[in-house]
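# Mind looking at a prediction? Sequence and model below.
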Amino acid sequence: MTRIALFGAGGGMGRYLTSRLMDCDYNLRCVEIGEAGVQALAEMGVNVTPQDEALADVDVVIFALPDAVVGKVSHAVVPDIPAGAMVFSLDVAAALAGVLCVRDDLAYFFTPPCHHNILKPNERSQHLTCALMQGPESAYALGEQIARDIHGPISKTHRLTLEQMGLLEPALAETVGLACLSLLRDAIEETVGHGVPREAAEEFLLGHMSCLSAFFGGGRLSEGAVLTMNRGKERLFRDDWRDLLTPESVLREARAIVGAEDA
């Protein structure tokens, strides 16, 4: 039975991982030092394991921690992980930023979730991204199985490099995607400020989000819509916005996420 030590088990993400893994065929050891987290785990019927006991003969160490503390915690934990074990994370920022403690005799596996595709509302499964930064192929197989148990049901897996993952998150999903969504939210507020009822503004814009199919599902926009879209892009977006999807920008954003001093 695979032995897993889950650090940050009592936090929001940690509790989710605990709930997904506790009934699987794993020896799950939950590590949590926060009083609120310990109480939350107790309410789930889960006992906390001391760090030294959790790391004894462990096979996989999962960090379910905020980006800003993963690097610091990893330097306190990784030196005590048995050789041949695997470090497992749902986020690549700390690794990309160079603040994650890395040992040559450990495997490192990353798997940020894709989440469910909004154009497929009736589909229960999702796609999965996985990257093995270092380690044997057997480590990849183990990491993918754990990731499937966490995120499942899974319809397809995409094996990526760490750098490709950085282009997806933070760059594509957050630096670009969330920024655009934030703009839509702000546009609703501005419209409401001009006297349009909030419910009407929200329903109108979110209803028009069906236009997503014109970009991703083979649908078509009217000529007038294309005209106003292009005129809007000229005023909304800088000419150099594509620089946000370069390796240099990804590194800057990753270092900002983890709180690096030079970010």
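Good, I have the coordinates.
# can you give me the helices in the protein?
Here the chain has its helices, by DSSP state H, at 12-21, 35-43, 51-55, 67-77, 93-97, 137-151, 162-166, 179-193, 198-208, 212-216, 223-236, 247-257.
# what about stretch 236-246, start to end distance?
Using C-alpha to C-alpha, to the nearest Å, the end-to-end distance of stretch 236-246 comes out at 20 Å.
# Run through the bridge partners of residue 61.
Beta bridges link residue 61 to residue 5, residue 87 when assigned by DSSP bridges.
# What residues does it make contact with?
Residue 61 makes contact with 4, 5, 7, 55, 77, 78, 81, 85, 86, 87, 88, according to C-beta atoms under 8 Å, 6 or more residues apart in numbering. Glycine gets a C-beta too; all of them are placed from N, C-alpha and C.
# Worst mean pLDDT among the helices of the chain?
Lowest mean pLDDT of the helices of the chain: helix 212-216, a mean of 78.
# what's it in contact with?
With contacts defined as C-beta under 8 Å, 6+ apart, helix 212-216 is touched by 118, 119, 219, 220, 221.
# Could you tell me how many residues sit around the third one?
Using other C-beta atoms under 10 Å, residue 219 has 11 neighbouring residues.
# how much space is there between it and residue 184?
The spacing between residue 219 and residue 184, counted by C-beta to C-beta, to the nearest Å, is 19 Å.
# Report the buried residues of stretch 159-172.
For stretch 159-172, the neighbour count (16 or more other C-beta atoms under 10 Å) marks 160, 165, 166, 167, 168, 169, 170, 171 as buried.
# Give me the residue at the spatial middle of the protein.
Centroid check for the chain by C-alpha atoms, centre = their mean gives residue 112 as the closest residue, at 3.9 Å.
# what's near enough to touch that one?
90, 91, 92, 129, 165, 168, 169.
# got TSV for the residues you listed, with distance to residue 142 too?
Shown next, in TSV, are these (distance: C-beta to C-beta, whole Å):
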residue	distance to residue 142
90	16
91	19
92	18
129	16
165	18
168	22
169	23
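# And these, which two are furthest apart?
For these, the maximum inter-member distance is 12.8 Å, found between 90 and 168 (C-beta to C-beta).
# Was I right to think residue 158 contacts residue 129?
Yes: applying C-beta atoms under 8 Å, one finds residue 158 in contact with residue 129, separated by 5.0 Å.
# Between the two, which is the more surrounded one?
Ranked by neighbour count (other C-beta under 10 Å), residue 158 and residue 129 place residue 129 first, with 20 against 13.
# what sits against the more buried one?
Each residue near residue 129 by C-beta under 8 Å, 6+ apart is listed here: 111, 112, 113, 114, 157, 158, 160, 165, 168.
# Can you tell me which of those is nearest residue 143?
Nearest to residue 143 among the contacts of residue 129: residue 111, at 6.8 Å, using C-beta to C-beta.
# and that closest one, how many residues sit next to it?
The local packing of residue 111 (other C-beta under 10 Å) involves 25 other residues.
# Is it correct that it is in contact with residue 126?
No: with contact defined as C-beta under 8 Å, residue 111 does not reach residue 126; the gap is 11.9 Å.
# Now do the shared contacts for the two.
Shared contacts of residue 111 and residue 126 (C-beta under 8 Å, 6+ apart): residue 151.
# and the chain, what are its domains?
Per automatic domain parsing, the structural domains of the chain span 2-160, 166-257.
# Just name the most buried of the ones you listed.
domain 2-160 (a mean of 17; mean count of other C-beta atoms under 10 Å).
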